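Novice: 3D, please:
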Amino acid sequence: MTNASTQALRVSDLSQTRPTRFTLIPEEPALHGIARELDLKALRKLRFTGQIVAEGKRDWRLEGHLGATVVQPCVVTLAPVTTRIEEKVLRRFLAQMPDLAEDDEEIEMAEDDSIEPLGSVIDPEAVMIEALALALPLYPRADGAEIGAATYTEPGKEALKDEDLKPFAGLAALRDKLAGNEGSDG
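Specialist: Residues are numbered from 1 along each chain as shown. Predicted structure coming up:
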């Protein structure tokens, strides 16, 4: 997502016996860059804290907490919508990725979406940006914003309504009406 990070940690420098703790609080220019990258109106606060710990002899686990305040456009009105995000983050960096079932046409993805292949560095900043992107609301909506009914038709003709596109609703009403008449015949 971003260029090589100054926060990237070389795996060879990490301690096998004690956690490597980190705290990332990007300053204003970095916040603007991340907001632009994620197509946000604004990114007011961003904090990512956690630790990287050895998991076995060759694997590593990053566990952290992401907190952010984001501003996105409402999907209905485009008005700014402010959202507070609090997320636990877990990534496991594996020296040997599990074997995945592979056909000629399909590759089955691993069920565990927290695993990644281990490279020469672990980059908490890249994990922070990815976790923020995944935590963003997909369809932010301002309070009271509703999608109205849109109708399109040729001039001089009556537009189709939602009820017109649901023929079984009319049949259900007819059935109920007939059932009511049968009960009154006795």
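
Novice: show me where the chain has strands.
Specialist: 9-10, 20-24, 42-55, 59-73, 80-94, 115-117, 121-122 (DSSP state E).

Novice: any chance of those strands in JSON lines, with mean pLDDT and distance to Ala145 too?
Specialist: Any C-beta I mention is one placed from the backbone N, CA and C, and that applies to glycine too. Output for the strands of the chain, formatted as JSON lines (pLDDT from 0 to 100; distance: least, C-beta to C-beta, whole Å):
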{"stretch": "strand 9-10", "mean pLDDT": "94", "distance to Ala145": "43"}
{"stretch": "strand 20-24", "mean pLDDT": "96", "distance to Ala145": "33"}
{"stretch": "strand 42-55", "mean pLDDT": "97", "distance to Ala145": "19"}
{"stretch": "strand 59-73", "mean pLDDT": "97", "distance to Ala145": "11"}
{"stretch": "strand 80-94", "mean pLDDT": "96", "distance to Ala145": "9"}
{"stretch": "strand 115-117", "mean pLDDT": "92", "distance to Ala145": "37"}
{"stretch": "strand 121-122", "mean pLDDT": "96", "distance to Ala145": "41"}
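
Novice: Relative to Ala35, which of these is closest?
Specialist: strand 42-55 (4.0 Å; C-beta to C-beta).

Novice: Report the central residue of this structure.
Specialist: By C-alpha atoms, centre = their mean, the chain has its centre lying nearest to Leu134, at 3.1 Å.
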